[in-house]
Each structure stands twice: as C-alpha cells, then as structure tokens.
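[1] Sharing a model prediction with you, sequence too.
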Amino acid sequence: MSKKRPNYLLSLLGMKCPHCRKGHMYKDKNPFHWRLSKIFDMPERCPVCGQKFELEQGFWFGTGYVSYALSVALSVATLVAYWVLIGISWQDNSIFIWLGINGVLLVVLQPWLMRISRVIYLYFFVYYDESTADLPEK
C-alpha cells in the first residue's frame, strides 16, 4: 500500500522541503521573531531527505522577482478589497489611507514574504520524489 502524496500547496505554505515535503526548510519555523538577522537561517540540507537547498552559488538572487510579484499581488488584493468594502475617491483622500494601510501591511508581512519567496523559488527547480514517502518526518 503506497502512502498518500503530501499536498503541494500545504507543503509550500508550511515551508517544507520540495523533494520530500516533510523536512522544514528553516531552522526557526516562525519568521516573525525579532531576530531579523536569523530570518534566513536554513540547514544546508533537508534534515529528512538530504536535499541540498542552495543549488548553486548565488541561487537565491532570483527570489527577488518572486518577492516582487507576491508584493504586487498583495497590493492589488488589498486595493480591490479596500475599494469594494470602503470605496476609493480622490475627493476624500481615501486613496492615501489605502496607501498607508498597504505600506504598513507590506512592512509587517515582509519577513514572511521573503521566506515564502525562497520556498516558491526552490519549488520551481526541485520536484517531489515518490521514493521519499517512507522516510520518517522530523
């Protein structure tokens, strides 16, 4: 009897290794601790399957594009939500209220956005391996 394949989206959002979808990609699972110098602390390899996380020197430079796309998508989503729920008008300066709310939201979510962009970027290049289904989760 074969084990069920771990869910792609839940594994990605849980920041799990793309190869086995079991091992955590970051040493500290909470990106919002106040030690921002430790935000990108990752083991060199997955603790479960041994997949190398940094595939080559300078690999993580591409995550800037992913982070930018996520920030733009979040900004568009907050604009649409603000427009539908409150309404936007130049006469009452509500556009500036949205800009302030959106700016604060982007700053607060930045640690999570930077981490998830690394995960998404790695998921582009490393695929799930069915042979890792029997490995114990750590």
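    Perfect, thanks for sending it. Numbers count the residues shown, from 1 in each chain.

[2] wait, what's in contact with G23?
    K16, C17, C46, P47, V48, C49, Q51, E137, K138 (Cβ atoms under 8 Å, 6 or more residues apart in numbering). (Glycine included, C-beta is placed from N, CA and C.)

[3] Including pLDDT, neighbour count and distance to I101, could those residues go into a markdown table?
    A markdown table is the format used below for the contacts of G23 (pLDDT from 0 to 100; neighbours: other Cβ atoms under 10 Å; distance: Cβ to Cβ, whole Å):
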| residue | pLDDT | neighbour count | distance to I101 |
| --- | --- | --- | --- |
| K16 | 93 | 21 | 32 |
| C17 | 93 | 26 | 35 |
| C46 | 91 | 25 | 38 |
| P47 | 90 | 16 | 39 |
| V48 | 90 | 19 | 40 |
| C49 | 90 | 18 | 41 |
| Q51 | 91 | 19 | 39 |
| E137 | 72 | 12 | 39 |
| K138 | 64 | 11 | 40 |
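
[4] And the furthest pair within the residues you listed?
    Farthest pair in the contacts of G23 (Cβ to Cβ) is Q51 and E137. Separation: 14.4 Å.

[5] Next one: F53 from G103, what distance?
    As judged by Cβ to Cβ, to the nearest Å, F53 and G103 stand 31 Å apart.

[6] what ranges do the helices span in this structure?
    For the chain, the helices defined by DSSP state H cover 8-13, 63-85, 94-125.
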